[in-house]
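Colleague: I would like to see how this sequence folds:
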Amino acid sequence: MLMSFRLEPEMSEGERLMYDVRGAFVAAKPDVPAELMQSVQYHISNAIASTKRDKNRPRVVLTIRLLSVTTGTFMFGERASARVVVRAAAVQTGEVVAETKFMATIVGIDKAAIDEELAYGISERVIAEFRLNRPATLATALSSGRF
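Modeller: Numbers count the residues shown, from 1 in each chain. Sure thing, here's the model as predicted:
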């Protein structure tokens, strides 16, 4: 039987510490495709730019490190995965105040788009973890009536 558990206590949205993310930097080894790193940087930078906090929060800068990226064939398509470490460093002191580690895995049919899909998956996880806003696109503007 599969079971799921968490090591830290459950917190409500109001109890969790939020940060004012001021910037992000993506790093990886030379064997990681530059397009993947640039795409992660692009998505997260757009989310940071569209996020406005209503109160003063601790200001941080994110370092997103892609530890390893693997790709391969999977049944009728492609599979890509990345081990990622995200650290939030305080703007004032440079001290790491938060860290999260995760594995992002994407399965897709289009081999040419697999890096972009993986970048989107990594970015979405970081955006959700640090509660950043997703920039409005034409599709989201039309669906929410903001057009």
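Colleague: I'd like to know how many residues surround I127.
Modeller: I127 is flanked by 20 other residues according to other C-beta atoms under 10 Å. (Glycine included, C-beta is placed from N, CA and C.)
Colleague: my guess is it meets R134, correct?
Modeller: Yes - the pair I127 / R134 is scored as a contact, 6.4 Å apart, by C-beta atoms under 8 Å.
Colleague: Show me whatever sits in contact with both of those two.
Modeller: Common neighbours of I127 and R134, using C-beta atoms under 8 Å, 6 or more residues apart in numbering, are A47.
Colleague: Any regions of the protein where pLDDT drops low?
Modeller: Flagging of the chain using pLDDT under 70 yields the residue ranges 1-16, 136-147.
Colleague: hey, which strand is longest across it?
Modeller: The longest strand of the chain (DSSP state E) is strand 59-74.
Colleague: where exactly do the strands run in the protein?
Modeller: 20-28, 59-74, 77-90, 96-108.
Colleague: Give me the residues contacting stretch 69-76.
Modeller: With contact meaning C-beta under 8 Å, 6+ apart, stretch 69-76 is reached by 28, 31-33, 36, 78-82, 107, 109, 114, 118.
Colleague: So D115 versus K55, what's the distance?
Modeller: Distance, D115 to K55, by C-beta to C-beta, to the nearest Å: 37 Å.
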